[in-house]
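Asks: fold the following for me, if possible:
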Amino acid sequence: MKWHLIKYMADPRRREPRNVGLALETSNGWLLKFVGEEKPGLVNGQKIRSIHLQKDVYTSWVEYYRRKADSNRWSDVERLNVSKPGNFFTELAGEIFETDESATVILHRLYSELVEEPKQLSPSEKFHARIRQVFELAQIEPQEHVRVPAKWTDTGERVDVEFDFGYQNGQLHVMDAVSITRMTSVLDFKARLDAVERAGKIRSFVAFCSYSQVENADRLEELLRPLEKGARTIDVDDTQNAADTLVSIMRH
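Replies: A predicted model of the protein is given here:
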């Protein structure tokens, strides 16, 4: 696998390029990841403010690189680097010959090391960032903030309750990010799960957790016990294993 850095140089005279993307060439095709791109072709303008570039201009270059990679015509990119050097250019930066890591994991690792601007994330931000990486590794695009039918009591009226994510593949799977630092979060999730089960419409529940949030093994078991009575728990600290588990759940 070869990897290429995609660079932007605001002022060519200063010769101070910034890495804005990474392209990974594999035997099965190309994987690309860019600053500010929330999904392929969709750029969040707020996330590229530090680049000091208009969103439409940046998006057009992102689309150009994706188009050349998808059509396996990266040689056009390399020729452009030579024939018309400009603000955007690429650089063959390295090659990986043997690895046990998947191509997607390598892409994320190299991107975080070489492209992404380091910033201090709160524990909650790290937790949710891992969940999003799990979805990406599993190649699953969930709905967000899904509302589903529920009944708080057997004889009560039907109401809607909200979960963080939902995914439909013949049946609806509802998923939540559950902080296991507090029992109240665990019990809140379990109460919503029980209420949905009373309504009788949904049978697949997933609780994303970060087991590293709890150092004591006995305490961890105590917190997980209520969750595991009705849901599959997934530890997102190991994102690749979490993605594999999620894919397995979606297939059943």
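Asks: going by C-alpha atoms from here, please, whenever you check contacts or count neighbours.
Replies: Noted.
Asks: and residue 24, that's in a strand?
Replies: Yes: Residue 24 forms part of a strand when assessed by DSSP: H, G, I helix; E, B strand; the rest coil.
Asks: pretty sure it sits against residue 6.
Replies: No: Residue 24 is not in contact with residue 6 according to CA atoms under 8 Å; the separation is 10.7 Å.
Asks: so where's the protein uncertain?
Replies: 117-120 (pLDDT under 70).
Asks: helices of that one, start to end?
Replies: Secondary structure of the chain (DSSP state H): helices located at 55-70, 74-83, 103-114, 123-138, 183-199, 217-228, 239-250.
Asks: so which elements touch the first one?
Replies: If I follow you right, that is helix 55-70. Helices and strands touching helix 55-70, by 3 or more CA pairs under 8 Å, 6 or more residues apart in numbering; DSSP states H and E, are strand 29-34, strand 42-43, helix 74-83.
Asks: can you check the fourth one too?
Replies: In terms of contacts (3+ CA pairs under 8 Å, 6+ apart), helix 123-138 is packed against helix 239-250.
Asks: cool, and the third one?
Replies: Here helix 103-114 is seen to pack against strand 18-26, strand 29-34 when contacts are counted using 3+ CA pairs under 8 Å, 6+ apart.
Asks: and what of the longest one?
Replies: Identification of packing neighbours for helix 183-199 by 3+ CA pairs under 8 Å, 6+ apart yields strand 143-150, helix 217-228.
Asks: most tightly packed of those?
Replies: Mean neighbour count (mean count of other CA atoms under 10 Å) peaks for strand 143-150 among the helices and strands packed on helix 183-199, with a mean of 17.
Asks: got the angle between it and helix 183-199?
Replies: 60 degrees (axes from the mean of the first three to the mean of the last three CA atoms, to 10 degrees).
Asks: now strand 143-150, how far from the chain's geometric center?
Replies: 20 Å (CA atoms, centre = their mean, to the nearest Å).
Asks: who's in contact with that strand?
Replies: If you take CA atoms under 8 Å, 6 or more residues apart in numbering as the criterion, strand 143-150 is touched by 158-167, 174, 192, 195-199, 201.
Asks: just the CA trace of stretch 204-213, in CSV.
Replies: Output of stretch 204-213 as CSV, limited to C-alpha atoms (Å, rounded to 0.1, in the frame of the first residue of the first chain):
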residue,chain,number,x,y,z
SER,A,204,-32.4,-5.0,18.7
PHE,A,205,-30.6,-2.7,21.0
VAL,A,206,-26.9,-1.7,21.1
ALA,A,207,-25.1,0.2,23.9
PHE,A,208,-21.8,1.7,23.0
CYS,A,209,-19.5,1.9,26.0
SER,A,210,-15.9,2.7,26.9
TYR,A,211,-14.8,0.1,29.3
SER,A,212,-11.6,2.1,30.1
GLN,A,213,-13.9,4.7,31.8
